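**Q** Sequence below, structure please.
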Amino acid sequence: MSTTTPTSHPVVTRDRWLAQRKALLAQEKALTRQHDLVASERRALPWVKLEQDYVFDTPQGPRRLGELFQGKRQLLVQHFMLGPGWAQGCKSCSFMADHLDGIAVHLAHRDIALLAVSRAPLAEIEAFRARMGWRFAWASSHGNDFNRDFHVSFTDADRLDGEVYYNFHMTPFPQQEAPGISVFWRDDAGQVFHTYSTFGRGVEVMMGAYRLIDLTPKGRDEQAQGMAWVRHHDRYEDAAGCCGKP
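**A** Have a look, this model is predicted:
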């Protein structure tokens, strides 16, 4: 016997729910095993030695990429969409960045440093960081080609028939900045290697909140407008009482 809720969702007995939950569990277990397999193949990818000597602006002064590993061997970079002259950073990139401060200490104990990189000048980055209350390391690539070399910033010259090279293929992309995550390794000799990058929906790996939202009855509820619901955490209507603010 089953009934329906006002939203027309099936309501069943506990036994029927348990049977369907176990069937779903089998799919979840298969997905977990597939995830582990892909992660193993990701770790097996060959590396590329960086020949370009990128120098970034940081609050501590100019620093080469190899100097931004914070004493770790592995560096995880968020390509944060904040271009020169922007009034604020991308709200979706900000949603990603909201997860960083809480996990940084845990990643550090797995030999991983976190770094956000944006093309905006350092003063503009620091102003936005102060507004958002973030503590993670954030560097400006305003004076180098890092963003363009990693295909997350585009000039008019990069566009061919309205398309740019993003997420490993030519695709329409209307903005000058794009999101991404890149990973680097630094060896004992100080050489830096590019090991991995992911773009597009691959950046959801940094959006841990989505994994929790996916567990709920409404889920992401983004069919019509995608991530239009997302706001900077201080721009939600009830933001006055969040994030430790009075």
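**Q** pLDDT of stretch 35-52, averaged?
**A** Taken as a whole, stretch 35-52 carries a mean pLDDT of 98.
**Q** quick one: contacts of it?
**A** Under the contact criterion C-beta atoms under 8 Å, 6 or more residues apart in numbering, stretch 35-52 has outside partners 65, 145, 146, 149, 184, 185, 191, 192, 193, 194, 195, 196. For glycine as for every other residue, the C-beta is placed from the backbone atoms N, C-alpha and C.
**Q** okay if I get those residues as a markdown table plus neighbour count and distance to residue 133?
**A** As requested, the contacts of stretch 35-52 are exported to a markdown table (neighbours: other C-beta atoms under 10 Å; distance: C-beta to C-beta, whole Å):
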| residue | neighbour count | distance to residue 133 |
| --- | --- | --- |
| 65 | 24 | 26 |
| 145 | 11 | 31 |
| 146 | 24 | 26 |
| 149 | 14 | 31 |
| 184 | 24 | 27 |
| 185 | 18 | 31 |
| 191 | 12 | 36 |
| 192 | 24 | 30 |
| 193 | 14 | 33 |
| 194 | 17 | 31 |
| 195 | 17 | 31 |
| 196 | 15 | 29 |
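**Q** Filter those down to just the ones in strands.
**A** Among these, DSSP state E puts 184, 185, 192, 193, 194, 195, 196 in strands.
**Q** quick one on the thing from earlier: closest to residue 73 among the contacts of stretch 35-52?
**A** Of all those, residue 185 has the smallest distance to residue 73: 6.1 Å, by C-beta to C-beta.
**Q** I'd assumed residue 193 was in contact with that closest one.
**A** Yes: here residue 185 lies in contact with residue 193, judged by C-beta atoms under 8 Å, at a distance of 4.6 Å.
**Q** Looking at the ones in strands among the contacts of stretch 35-52, which two lie furthest apart in space?
**A** 192 and 196 (13.4 Å).
**Q** where exactly do the helices run in this structure?
**A** Under the criterion DSSP state H, the chain contains helices at 14-43, 91-97, 100-108, 122-132, 146-149, 208-213.
**Q** CSV for the contacts of stretch 35-52, including distance to residue 164?
**A** Converted to CSV, the contacts of stretch 35-52 look like this (distance: C-beta to C-beta, whole Å):
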residue, distance to residue 164
65, 23
145, 15
146, 16
149, 13
184, 23
185, 27
191, 30
192, 25
193, 25
194, 20
195, 24
196, 21
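**Q** and which of those is nearest residue 113?
**A** Distances from residue 113 to the contacts of stretch 35-52, taken by C-beta to C-beta, are shortest for residue 184, at 9.4 Å.
**Q** low-confidence ranges in the chain?
**A** By pLDDT under 70, the weakly predicted segments of the chain are 1-6, 239-246.
**Q** What about residue 56, how many residues nearby?
**A** 22 (other C-beta atoms under 10 Å).
**Q** Apart from its chain neighbours, what residue comes closest to it?
**A** Computed as C-beta to C-beta, 6 or more residues apart in numbering, the closest residue to residue 56 that is not its neighbour in sequence is residue 139, at 3.9 Å.
**Q** How much space separates the one you found from residue 230?
**A** Distance of residue 139 to residue 230, given as C-beta to C-beta, to the nearest Å: 24 Å.
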